[in-house]
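In: Build me a model:
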Amino acid sequence: MLDAALASFSQRGYEATSLDALAAGLGVRKQTILYYHPSKDALLDAVVERAATDLARVLVDGAGRPQAVIDAVLRLGAARPELLALVREVVRLGPPVSTRLLDQLEPLVARAGARLGRDRILTAAAMVVGLATEVEVLRAAGTEPDLAWLRRRRRALLAELA
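Out: Purely as a prediction, here's the structure:
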């Protein structure tokens, strides 16, 4: 259920995701979703909580230096692009959803930031999310980014954080 909601929120956006369509896609009744998550907001909260856990692992893995954060988030984005799309959607929605995501990530950001600097960790993560958006725009325009393009963008991100 959470995977389907994550996919829908990241592809269609929060407002365009209906619980009826989500239930139909899962082959269940809407009441089944509401049994576990009493509202669409509660479902979004559960999806954000799970995504925060996955993102937190990335921040911990890359806690030592900006390059490690960038590489870890890029790997996550390649393996699970819907997570980065969800982060964009949550940021677009703003408070209180974005505040909940930041609150869930804060202990790990603080731990990683103790070594690198909190602002640099958040800047690196935000830049990589922006890079994921750039990839989507290029693909929508009919251009498939290649490995050389990704390497150039990665070097540019690292230079920005230096």
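In: what are the ranges of the helices in this protein?
Out: Ranges of helices in the chain, per DSSP state H, are 2-12, 19-26, 30-36, 40-61, 66-79, 81-93, 97-116, 118-140, 147-161.
In: which of the residues in the shortest one are buried?
Out: When you say that, I think you mean helix 30-36. Within helix 30-36, the residues that count as buried by 16 or more other CB atoms under 10 Å are residue 33. Using the backbone N, CA and C atoms, a C-beta is placed for each residue, glycine as well.
In: Equivalent analysis for the first one, please.
Out: For helix 2-12, burial by neighbour count (16+ other CB under 10 Å) applies to 4-10.
In: just to revisit the earlier point, including mean pLDDT, could the helices of the chain go into TSV?
Out: Below are these laid out as TSV (pLDDT from 0 to 100):
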stretch	mean pLDDT
helix 2-12	92
helix 19-26	96
helix 30-36	97
helix 40-61	83
helix 66-79	71
helix 81-93	81
helix 97-116	71
helix 118-140	69
helix 147-161	78
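In: Spit out the contact partners of residue 13.
Out: When contacts are counted by CB atoms under 8 Å, 6 or more residues apart in numbering, residue 13 touches 89, 92.
In: Tell me the spacing between it and residue 89.
Out: For residue 13, the distance to residue 89 equals 6 Å [CB to CB, to the nearest Å].
In: Over to residue 51?
Out: On the measure of CB to CB, residue 51 and residue 89 end up 10 Å apart.
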